[in-house]
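Visitor: Pasted the sequence and its predicted model underneath.
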Amino acid sequence: MTTRPIVDPDELADIDLNDPKLHAEAELGEVWRHLRAEQPFYWHTERGSRPGFWVISRYKDALAVYQDKAHFTTQGGNALATLLTGGDSASGTMLAVTDGVRHTQIRNILMKAFSPQILIEIRQSLRRTVDRLIAAAVKSDDCDFARDVSGNVPLGAICDLLNVPQADRSYLLSLTAHAWSSDYADAPPEDNWTAKNEILLYFTDLARTRRGNDQGDVVSLLANSLVDGQHLSEAELMANCYGLMIGGDETGRHAITGGMLALIENPAQWLALKRGEVNLEKAAEEVLRWTVPSLHGGRTATGDVVVSGQQLIRAGDIVSVWISSANRDEDIFADPDRFDLNRSPNKHLTFAHGSHFCLGHYLARMEVEAVLDALRRMAAEIEQAGQEKWIYSSILHGMSSLPVTLTPDYKGLP
């Protein structure tokens, strides 16, 4: 395990919460505890040409922002990386950064792809994929869990939902892994934009081939559905395919890798899982709470907001809701810094809340649960075999590498 320096709350005025290096190379737990207790609405001052923004750290305040559609919007973007640089170019076309009537219309189309029958088929395919990957991992002498397992599990599920051809899936994985994060601190921002544009172009071409069919995959639904008698625009088509691809891949991938590290660092919880002493659904929820694949959610204030009797947030202000802090709020979660696979209740904010509750939650929950189930059946022991490597991102939280050694449990191997 890599020991990362703990940031002292006294240094708060000097740190930049939009700096990917900060999240990859430091621990912010003490900062979040301080903010929740002393400055739950903290004004993060401007840095260079980038404007300042509000930092929301408590669970109840995060929930209030997510629920308050009258005063907060995603139209300008839902992440600091875009909000601080002029806004999201997909605003008004992609579900995640669209509000109002159009948001409801697009969401209703996408929800058709998550029918019970489709989810049953994806779950069955997912379990076969996970069993194959974990079986290979426990037999390997050189397993990088992030690369060999986590990187392949969500890809299959989201590509099944989108009906992406098998031959294209590895190519898309290489792009999604770098659309919102980098493996190195000095990676040029152009790498992110190139990856994003390649994904958008890919789905533009794929959507054209799906025009006129009656298949139930997401791309076909978006390409053929009518809203007020009109097809979705090409921009809406490619933006929403992109949004599902990124959201469906990143959350599951980073939760699975982070969950493995948490099991290694908490051997008593691994033993409880191995012995069948934990409920798999509860265990998956704790992994999702603990790992926080998305560090924050961004909003723009559309009107003045009164907090504790005082006008605090003004129209036009950028607001960041820090899930990484809210998921460890001691007022909501008993002993929040303890990894507890049987935790209940566990109403974490990993998938946000309200009208922008992440559609990818169906897949992420199935993915984490399938991996936990396969691990407890096929692995007798787990241990870390080398230092993990954290990704560089101000929005995503995860690892690009986690070397492990898995001792086979021959009773559970296929």
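Guide: Great, that's in hand.
Visitor: now the end-to-end length of stretch 92-109.
Guide: Using Cα to Cα, to the nearest Å, one end of stretch 92-109 lies 16 Å from the other.
Visitor: go on, stretch 4-14?
Guide: 18 Å.
Visitor: any idea of the mean pLDDT for that stretch?
Guide: The average pLDDT for stretch 4-14 rounds to 95.
Visitor: Can you name the residues in contact with that stretch?
Guide: 15, 22, 25-31, 33-35, 42, 45 (Cβ atoms under 8 Å, 6 or more residues apart in numbering). Yep, even glycine has a C-beta here, placed from its N, CA and C like the rest.
Visitor: let's see it at 7 Å
Guide: 15, 25-28, 30-31, 34 (Cβ atoms under 7 Å, 6 or more residues apart in numbering).
Visitor: just these now: which is nearest Met94?
Guide: Using Cβ to Cβ, Leu28 comes nearest to Met94 of the contacts of stretch 4-14, at 28.7 Å.
Visitor: which residues touch the closest one?
Guide: Residues in contact with Leu28 (Cβ under 7 Å, 6+ apart) are Val7.
Visitor: Helices of the stretch 301-414 of the chain, start to end?
Guide: Per DSSP state H, counting those that start in this stretch, the stretch 301-414 of the chain carries helices over the ranges 323-326, 361-378.
Visitor: how about the strands of the stretch 51-200 of the chain, start to end?
Guide: Assigned by DSSP state E, counting those that start in this stretch, the strands in the stretch 51-200 of the chain fall at 53-56, 72-73, 143-144.
Visitor: Mean neighbour count, distance to Pro293 and mean pLDDT for those strands - can I get that in CSV?
Guide: Below are those laid out as CSV (neighbours: other Cβ atoms under 10 Å; distance: least, Cβ to Cβ, whole Å; pLDDT from 0 to 100):
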stretch, mean neighbour count, distance to Pro293, mean pLDDT
strand 53-56, 24, 19, 97
strand 72-73, 22, 22, 96
strand 143-144, 21, 18, 98
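Visitor: Which of these sits closest to Ser355?
Guide: Ser355 sits nearest to strand 72-73 of all the strands of the stretch 51-200 of the chain, at 10.8 Å, using Cβ to Cβ.
Visitor: for the closest one, packing partners?
Guide: When contacts are defined as 3 or more Cβ pairs under 7 Å, 6 or more residues apart in numbering; DSSP states H and E, strand 72-73 sits against strand 296-301.
Visitor: For Ala70, see how far away the closest residue to Asp88 other than its chain neighbours is.
Guide: Nearest residue to Asp88 in three dimensions, chain neighbours excluded: Gly77, at 3.6 Å (Cβ to Cβ, 6 or more residues apart in numbering). Noted for Gly77: a distance of 19 Å to Ala70, by Cβ to Cβ, to the nearest Å.
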